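Peer 1: pasting the sequence and the predicted model now:
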Amino acid sequence: GSSRRPAAVDEAQESVERALALEPRFAEALCLLGNIQHKKGRFAEAESSYRSALQIEPDWSKAHNDLGWALERQGKFAESADCFEQVLRLDPQRVVTWGHLGFVFVQMEKAAEAEAACRRGLSLQPDCAELHVSLARALKAQGKLDDAYANLYKSTWSAAWRSPGYLAVAEIDTARGDLTAALTHDQDALEANGVSLRALALKAALQRHTGQHAGALATIAAIQKIDPLDVQGLAEQYLTTQSPASAATLQTTVTEHPTTALEAAADYMDAGLYQDGSTLLSHLVSAAPDRTKISPLAYYYLGYFAR
């Protein structure tokens, strides 16, 4: 889980690399190495490890699935979709993978195909909360907000998905401009998971947009208590205070953690807070030491925000 200490992750990687030094064609160890690299944010390295595992075990659905996520995190959506489709050819009953395929299709702006994939998964397991969330995302991308809302409410029946489900409801409220309802549903998400950084960041943004300056600062303080380097928390601190110090901290952090900055921008996009997301990405682009190494996703999102 994400709570593992960085030192423990490094130790795990060293152990796996020792195993591979003894047996280079150890597919399970290669896949595990990929998982560790993915956890560290080294997605290109993870991709390489998964591909090496698949050269040894070409029909291993887990390795195809993990490769799909490593590709997705690099913005290689078409290749990612190919991986998830291969997983489903090997194991059509792997219900959540229909949702993963739907998620990537939304990124590719193939929302109708995403909806079809999610519905295929739900035909196999109608009560799968994760699929209801994925389906809602596909419906939202087509402007079918009422249907998306209904599917998100179905996901909140599951304890594990209650917080992300209510958070996604709050994002639709925000995009519709109903900030009062958004604050209520975001609080529902926080009651299910009080340390959800995404829900706390949305709360801070909503407080800022409704003139609750002191409340926003208190929420930002709560975020920083959990994770002082949370990019969206730092973005909210800058957007709320407009101080040069907060601008400098945000600039440094997005330079060191560009992937996390892209995730935060995507969260603003999901809530329809395009100006906030654009401000964050402008910091990412201007702070980049080498413009040629900026992820194409940064420009994709900037273009989306400007529409």
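Peer 2: That came through fine. Residues are numbered from 1 along each chain as shown.
Peer 1: low-confidence ranges, this structure, go.
Peer 2: Scanning the chain for pLDDT under 70 picks out the ranges 1-6.
Peer 1: tell me, what residue is most central in it?
Peer 2: In the chain, the centroid-proximal residue (CA atoms, centre = their mean) is residue 263; its distance is 5.6 Å.
Peer 1: skipping adjacent residues, who's closest to it in space?
Peer 2: Using CB to CB, 6 or more residues apart in numbering and skipping the chain neighbours, the partner closest in space to residue 263 is residue 231 (7.6 Å). Any C-beta I mention is one placed from the backbone N, CA and C, and that applies to glycine too.
Peer 1: tell me the contacts of that neighbour?
Peer 2: 250, 253-254, 257, 260-261, 263-264, 280 (CB atoms under 8 Å, 6 or more residues apart in numbering).
Peer 1: can you add secondary structure and give those back as JSON lines?
Peer 2: Shown next, in JSON lines, are the contacts of residue 231 (DSSP: H, G, I helix; E, B strand; the rest coil):
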{"residue": "250", "secondary structure": "helix"}
{"residue": "253", "secondary structure": "helix"}
{"residue": "254", "secondary structure": "helix"}
{"residue": "257", "secondary structure": "coil"}
{"residue": "260", "secondary structure": "helix"}
{"residue": "261", "secondary structure": "helix"}
{"residue": "263", "secondary structure": "helix"}
{"residue": "264", "secondary structure": "helix"}
{"residue": "280", "secondary structure": "helix"}
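Peer 1: can you give me the strands for the stretch 101-250 of the chain?
Peer 2: Ranges of strands in the stretch 101-250 of the chain, per DSSP state E, counting those that start in this stretch: none exist.
Peer 1: where exactly do the helices run in it?
Peer 2: Counting by DSSP state H, counting those that start in this stretch, the stretch 101-250 of the chain has helices at residues 111-124, 129-141, 145-155, 159-176, 179-192, 197-209, 213-226, 231-241, 244-256.
Peer 1: redo those as a markdown table? Include distance to residue 287.
Peer 2: Below are these laid out as a markdown table (distance: least, CB to CB, whole Å):
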| stretch | distance to residue 287 |
| --- | --- |
| helix 111-124 | 32 |
| helix 129-141 | 30 |
| helix 145-155 | 34 |
| helix 159-176 | 27 |
| helix 179-192 | 29 |
| helix 197-209 | 20 |
| helix 213-226 | 20 |
| helix 231-241 | 12 |
| helix 244-256 | 4 |
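Peer 1: give me the buried positions along stretch 178-196.
Peer 2: In terms of neighbour count (16 or more other CB atoms under 10 Å), stretch 178-196 has its buried residues at 179, 182-183, 185-186, 188-190, 192-193, 196.
Peer 1: nearest to residue 47, of the residues you listed?
Peer 2: Within those, the smallest distance to residue 47 is 28.7 Å, found for residue 196 (CB to CB).
Peer 1: residues contacting the closest one?
Peer 2: Counting by CB under 8 Å, 6+ apart, residue 196 touches 163-164, 167, 189-190.
Peer 1: how far away is it from residue 242?
Peer 2: 26 Å (CB to CB, to the nearest Å).
Peer 1: before we move on, what about residue 197?
Peer 2: Applying CB to CB to residue 197 and residue 242 gives a distance of 22 Å.
Peer 1: who has more neighbours out of these two?
Peer 2: residue 197 (18 against 9; other CB atoms under 10 Å).
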